[in-house]
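S.K.: I'd like to go over a predicted model; first the sequence, then the structure.
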Amino acid sequence: MSTRTFRVWRGDAEGGELAEFDVAVNEGEVVLDVVHRIQAEQAPDLAVRWNCKAGKCGSCSAEVNGMPRLMCMTRMNLFADGEPVTITPLRTFPVVRDLVTDVSFNYEKAREMPQFAPPADLKPGEYRMQQVDVERSQEFRKCIECFLCQNTCHVVRDHEENKPPFSGPRLFIRAAELDMHPLDARDDRREAAQDEQGLGYCNITKCCTEVCPEHIHITDNAIIPMKERVAGDRYDPLVWLGRKIFRKGKAPSATD
Amino acid sequence: MSDNDINEVEHLACDVLVIGAGGAGLRAAVEARLAGKSVIVISKSLFGKAHTVMAEGGAAAAMGNVNANDNWQVHFRDTMRGGKFLNNYRMAELHAQEAPDRIWELETYGALFDRTPEGKISQRNFGGHEYPRLAHVGDRTGLELIRTLQQKLVSLQQDDEAAGESESKLQVIDETTITELFIEGGAVKGAFGYRRATGGFMAIAAPAIVLATGGIGRSFKVTSNSWEYTGDGHALALRAGAKLINMEFIQFHPTGMVWPPSVRGILVTESVRGDGGVLKNSAGERFMFDYIPEVFKAQYADNPEEGDRWYTDPDHNRRPPELLPRDEVARAINSEVKAGRGSEHGGVYLDIASRRDAETIRKKLPSMYHQFKELADVDITAEPMEVGPTCHYIMGGIEVDADTAASAVAGLFAAGEVSGGMHGSNRLGGNSLSDLLVFGKRAGEYAAAHASGAESPKLTEAEIAAAAEDALRPFGNEGENPYALQSALQAVNGRLVGIIRKAGELEEALTELAALESRIANVSASGGRAYNPGWHLALDLRNMYVCSVATAKAALERDESRGGHTREDAPGMDPEWRKINLVASLEDGEVRLTRQDVPAMTPELLGLFETAELSKYMTADEYGTATTDPSTTVEEA
Amino acid sequence: MTTTDEPAVTRSPRAAIKARNLRIDNWRRGPILTVLGITAWVAYATFRVFYQGDYWVADYHYLTPFYSPCVSDGCVPDSAHFGRFLPDHPLLPYAALSLPFLLAFRLTCYYYRKAYYRSFWLSPPACAVPDGHAKYTGETRFPLIGQNLHRYFFYLAVAISLINTYDAILAFRSPDGFGLGLGNLVLTANVVLLWCYTLGCHSCRHVMGGRLKHFSKHPVRYRLWTISSALNGRHMMWAWITLASLALTDFYVMAVAAGWITDLRFVG
C-alpha cells in the first residue's frame, strides 16, 4: 500500500477546479477504486458515474492525465512512482457535476438515425445468416457506448459548432453495422451517413480507435469502409461525369 | 418544469410506468407501447447500462438448432431440477415454452447472435442444461440483448414520431431513482423519485406499474453486481403491500475473480466451463468428480475421460461435473478452499489454457480474455484463472401470478430478477436472460391490459410532500456516513448470511442487522442535491436493509439445504420443505414471515419425469402411487 | 418535460478546466517524427526527380522507380520501355506521367491523411490535444472532398506497380545475358514492399470484397478481402517502409549509375 496524490476536477456548470486528495492505493487497484476510496473517506458527494466496474457497461468514462479512459480499466500500475494522477470529466460534453457529464448528445444522435429495418418477407425464426456475414457487424455491436470516441473526436471536441451536423464515431459504426447487416432492408444507410451524419467531417485521424476500450477498429473497419462505399456511389469520376452529362439522379447503391 | 426551483416537483403521467431499464423493463415497455399505451421507463443509470450487460453466457431457449432432441419439455425438466423442484412450475413451463419465440423476436429487432453452419442461431452448452441451448454472442450476450431492446425502443419512438404521436407516448427517463410507490385502496397509482443529475423530484401518476429493478447483490461484499443492485424493487413492493417469496435463496456464482482485491467478485462466465475449462485445486486435481450429488449421478460423468468425450459426443457420454448447477459448483469450491486446497489468493484454478488452443479461447471468450489481461495481468490462453464464489443473483423476489406477472397489489407487476418463483431454489445459467424476455413481455402485456380498465389516478399534494420529506431526511440527519454503513451491512451479510449458513450465525446476523436499523434510519448526507452519490446511497440503504432482513429471517427459518441456501447445521434436502415457500411481508415496518404451499405440478408435467427421479425430491403422495418406498431425505455429497 | 428547439450549442457549458490539455506523456513525439520523416523524404525525392541523371544502370538495366516509366525525350533510349513522348525540360521530371498519380495515391491514402493531418496540419496534433485551427469542416468541401478519389488513384497505382514489377524483372540482366546482383535484390524487395502497401490499401480492401454485403455468396472475393485485410492491418508500417525502400532503391541505383560504388554481382 502506498499513498498518492490525486487531482480531481470538482465543480459544475458555474465553474470548478482541481481538488487534491492524498489517498491510499493498494496493489492491483484501478483508478475507479481510488476514486471510490476518496468518495467513501473524504468526499461523500464526489459525483462519479459508474456501474459494472468490469469494462462492460461503459459508464465510468473520464480523462485520466489528459487521456480519455474508462476509470475501471485503468490500472494504477500504469503510472510511474510519484507521477501525479489527474482526473477530469469528459471535455466534449456539458458538465453536470464533478466527473459526471451530460452525454445526451449521443442519445439524440442515435434517435436521429433509422434503426434496423426487418425484411418484410421473413417471420421471426426464419432468419438465416452465415457467421462470416454477421461478423463484421458483430464487431461494432461490441460497443459499450462509453462515448470515449465521441469525446475524443476533435470534430466536436474542439469545434462545438459541428455538433449539429456531425454524429460521431459511435454512430458511424452503427451505420456501418446496419449497412453490413445481412438482412437489413434499407438501402440508404451510406447516403444517410454522408448527408445526415456528417461522415465527411471525419479526417480519419484515428483517435476514436485509439481510445476504444473494446478495441473496435472504428476507423479501419467502419468509417473507412463507409467512406469507400460512399465514394463508390457518389465520387466515382466516371459516374460523376455521366451524371453531369446526362443530369441523372443519384447512383443506385450496391445491394449484393 | 423549472430548473431554478429545486423544490418544485415535476409532474408526469402515463398508462404504464416501468421501473427499471434492464432487459425485463425494456421488454415490458416494448410490449406495453405495442399495446397502444403511453409508457415511461425509469432507468437508475444511463439508458443501456443496466446490469443485464453483465450477462455473458447466453439466453436459454429450446430452439433445437444444435441438438434437434431439445424441446420445451426438456428445458422445463432442466429448470425444475436446477431449482430443486421448488420452482413455480407454471412459470417454468411458460418460460420453457415461450423462450424460443422471444429470442427469435430479437432478431427482428436487429440482434446478431452467433450462427450455426446452417445459418440458424448457434447454441452453447451450459451448466444444468441437457443440450446446447444458450443463444449467444461470444461472451457478451447480455450486452447484445440490452442494446437490441434499447434500439427497439428508439425505433418505436421513431414510429411514434412518424405517426405524429407525441413524444410522451414512450419516454425513457434516465439516471432517476424511484423512492416510493403511491397506493390507494390497495392499488398502485403512481411513484415518486428524483433525478440524480439535479436532485429534482418527480411524481408520476400511473394506473399500472411494472417493477423490473433486478436484485439485491450490493448487500454483499463479494458480488458480481453493480451499485444499482440495492433491492429497490423488492423494498418498494414490500412497502406497497406485496409479498416476497424465497428470499433465502441467493445464487453465489461459482466463478468470480479473486485477484487482485479490487476486482474480487467480478464474474467469470460459465461459458469458460461450457467450452472446455475445468476446475482444479492447488494439487492440480479435477476435484469436481468428488462432488457429484446423488440426484445428479445419472447425468454427470464420473471420470475425466467420459467427461472429455462429452464435448464432441454428447449423445453417448455424460457431461463433466464442472457443468453441474451453480449451487453445487459453488459449494464444492468453498469446500476445497476450506480444506486447504485453495489457490494462492483463496480461490481455485479454472483452467482452459491447457485444454483449448489460444486462438479458440480468444475467439470464444473474447471479453474474458480481455478482462483477465487488463485487470489481472493474466493471459488465460497460457495460465489458469483464480476463481471463487461471488454473490450473483437472488432467486427470491416479488410473488407474482405466473401468467400475468401481477403481484398481490392491484396494478403492480414484476418481471426479471426482482420477481420470485420461476427459478425455485437455484437458477440455471442462461435462464435469466430468457426469463426477463418471457416475463418482461408478459408483464408489459398485462400491465397494459390493466391500464386499459383503470381510471387515470390522481396524486395528492400531501402524499407527494411526504415522499419528498422522506427523501430529503438524510440531509437533516446527524448520523453516519452512508459508505461506512453500507460496508457494515455488507460485512454482516458476507460473514453470516453467505454461501454456508448456520442457525446461530443467522440469529447473530438478525441481531446485528437490528442494530443497524436505527443507524441506517439516521444516515446523513452532505453536500448539495445535484448528482450526490452519498445522498443516493443513503436512500438506497433502507432498501438493502429490508431485503437483508427478509433473507436472514427466511434463511433461519428453512432448516434444510437446497439450491442457493446451504445450512451447515441442516444438510440435505427435506421433501417436506420442498412443499413450502417462505413468504415475507411488511407489517408495521417489520418483516414478517409466513409459510405457503408451493403450487402442485399438474399430472401432465409430473409425467415428464421418471418416478425414480421425483422420489428423490418429493414425498410419495405427491407423485402418485410409487412402487418403492423412497427415502425421505436426500443426503448431498 | 421541457421541449426546446435550442441547438446543443447553447446548452450548459463544458467543464471549465484551465489547462488546454493534461497529457503528460510525450505526445509531441509522433507528429514531430512524422514531419521530419516526410520532409526529409520529400526533399530527397524533389532533388532526385529534377536531377535528371544517374537513374539508369545500362549494364544491368537497373531503372530507379523515381524515373519509371521514363517517357521523356531526355531518357536514355534503353531505359524507356514505354516510348519517349514528353518534351525534355528541366522542370518536367522524366517520369512526369506516373509521379503525379503516385503522389496523389499517397496523398489521398487513409494512413498518410492521418499522418499529415495530425503533424503538418495539427488537426488534431494528438488525441485529446486541441486542434490547431479555429474552424474545421473536414473533408466535406473542396479541396479536401477530393480525398474521396483515393480509389481511382489506387487503380493507377496498381498500373504503376505493374510497371515497376516489369522494370524489376527486366533488370535480371548482365552484358552477357542473365544476371543477378545486389541491385536486383534491392529492386525486387522494393517491388514486393510496394505491393504489400498497394494491396493492403483501404480502397483495395473495398474493391476485393469489402463492398459486398454477403461474403458467404462470394467465397473467392471473401478470401481476397481477408488477404487484403491482413495487409491493411499494418498499412502504416508498409507506408513508412515503402517510403524508405523507394528512397534507398533510388539511392542505390544512383550510386551505381554515378560510379560511386559498383554493384555486387552474384551472376554475370
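M.R.: Looks like it arrived, so ask away. Numbers count the residues shown, from 1 in each chain, chains lettered A, B, ... in the order given.

S.K.: which strand or helix spans C:Met237?
M.R.: When elements are assigned from DSSP states H and E, C:Met237 belongs to helix C:235-257.

S.K.: and that helix, what does it pack onto?
M.R.: For helix C:235-257, the helices and strands in contact under the criterion 3 or more Cβ pairs under 8 Å, 6 or more residues apart in numbering or on different chains; DSSP states H and E are helix C:29-51, strand C:56-57, strand C:62-63, helix C:110-119, helix C:182-199. In short, each C-beta sits where N, CA and C put it, glycine included.

S.K.: so for the second one, mean pLDDT?
M.R.: What it means is strand C:56-57. The predicted model gives strand C:56-57 an average pLDDT of 96.

S.K.: so how far is that strand off the chain centroid?
M.R.: From the chain centre to the centre of strand C:56-57 is a distance of 23 Å (Cα atoms, centre = their mean, to the nearest Å).

S.K.: and stretch B:332-340, average pLDDT?
M.R.: Model confidence over stretch B:332-340 averages 93 on the pLDDT scale.

S.K.: give me the buried positions along it.
M.R.: Buried residues in stretch B:332-340, counting neighbours by 16 or more other Cβ atoms under 10 Å in any protein chain shown, are found at B:Ala332, B:Ile333, B:Asn334, B:Ser335, B:Glu336, B:Val337.

S.K.: same question, stretch B:177-195
M.R.: B:177-183, B:187-195.

S.K.: any idea how far A:Phe140 lies from A:Pro165?
M.R.: Counting by Cβ to Cβ, to the nearest Å, the gap from A:Phe140 to A:Pro165 is 22 Å.

S.K.: higher neighbour count, those two?
M.R.: When A:Phe140 and A:Pro165 are compared on other Cβ atoms under 10 Å in any protein chain shown, the one with more neighbours turns out to be A:Phe140, at 24 against 17.

S.K.: does the more buried one touch A:Ile216 like I think?
M.R.: Yes: contact between A:Phe140 and A:Ile216 holds when scored by Cβ atoms under 8 Å: they sit 6.4 Å apart.

S.K.: what do the two both touch?
M.R.: Common contact partners of A:Phe140 and A:Ile216 (Cβ atoms under 8 Å, 6 or more residues apart in numbering or on different chains): A:Ile173, A:Ala222.

S.K.: C:Tyr94: what's it in contact with?
M.R.: For C:Tyr94, the residues meeting the contact criterion (Cβ under 8 Å, 6+ apart) are C:Val49, C:Gln52, C:Tyr55, C:Tyr67, C:Cys70, C:Val71, C:Ser72, C:Gly74, C:Cys75, C:Leu86.

S.K.: look at the first one and report its pLDDT.
M.R.: The reference is to C:Val49. Listed pLDDT for C:Val49 reads 95.

S.K.: skipping its backbone neighbours, what lies nearest it in space?
M.R.: Leaving aside its sequence neighbours, C:Val49 sits nearest to C:Pro93 (Cβ to Cβ, 6 or more residues apart in numbering or on different chains; 4.0 Å).

S.K.: do the same with A:Arg75
M.R.: Taking Cβ to Cβ, 6+ apart, and ignoring the residues beside it in sequence, A:Arg75 has A:Val30 as its nearest neighbour in space, at 5.3 Å.

S.K.: count of neighbours near that neighbour?
M.R.: The local packing count at A:Val30 equals 26, with neighbours defined by other Cβ under 10 Å.

S.K.: does it touch A:Leu78 like I think?
M.R.: No: in this structure, A:Val30 sits apart from A:Leu78 without contact. The criterion is Cβ under 8 Å, and the distance is 9.2 Å.

S.K.: including secondary structure and distance to A:Val95, could the buried residues of stretch B:332-340 go into CSV?
M.R.: Rendered in CSV, the data for the buried residues of stretch B:332-340 read as follows (DSSP: H, G, I helix; E, B strand; the rest coil; distance: Cβ to Cβ, whole Å):
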residue, secondary structure, distance to A:Val95
B:Ala332, helix, 49
B:Ile333, helix, 45
B:Asn334, helix, 46
B:Ser335, helix, 51
B:Glu336, helix, 49
B:Val337, helix, 46
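
S.K.: by mean pLDDT, which helix or strand of the chain comes out lowest?
M.R.: Went with chain A since none was named. helix A:237-246 (a mean of 72; mean pLDDT, DSSP states H and E).

S.K.: you looked at the wrong chain, it should be chain B
M.R.: Quick look at chain B via mean pLDDT, DSSP H and E: least confident is helix B:366-376, a mean of 88.

S.K.: just checking, what packs against it?
M.R.: Applying 3+ Cβ pairs under 8 Å, 6+ apart, one finds that helix B:366-376 contacts strand B:250-257.

S.K.: need the next SSE after the strand it packs on, C-terminal direction.
M.R.: As the chain continues past strand B:250-257, the following element, by DSSP H and E, is helix B:271-274.

S.K.: spell out which parts of the stretch 301-450 of chain B neighbour chain A.
M.R.: Near chain A, the residues belonging to the stretch 301-450 of chain B are B:Ser367, B:His370, B:Gln371, B:Glu374, B:Leu375, B:Ala376 when assessed by Cβ under 8 Å from any Cβ of the partner chain.

S.K.: repeat that for 6 Å
M.R.: Listed as neighbours of chain A in the stretch 301-450 of chain B under the rule Cβ under 6 Å from any Cβ of the partner chain: B:Glu374.

S.K.: for the stretch 301-450 of chain B, what spans make up the helices?
M.R.: B:304-310, B:326-338, B:358-364, B:366-376, B:431-452 (DSSP state H, counting those that start in this stretch).
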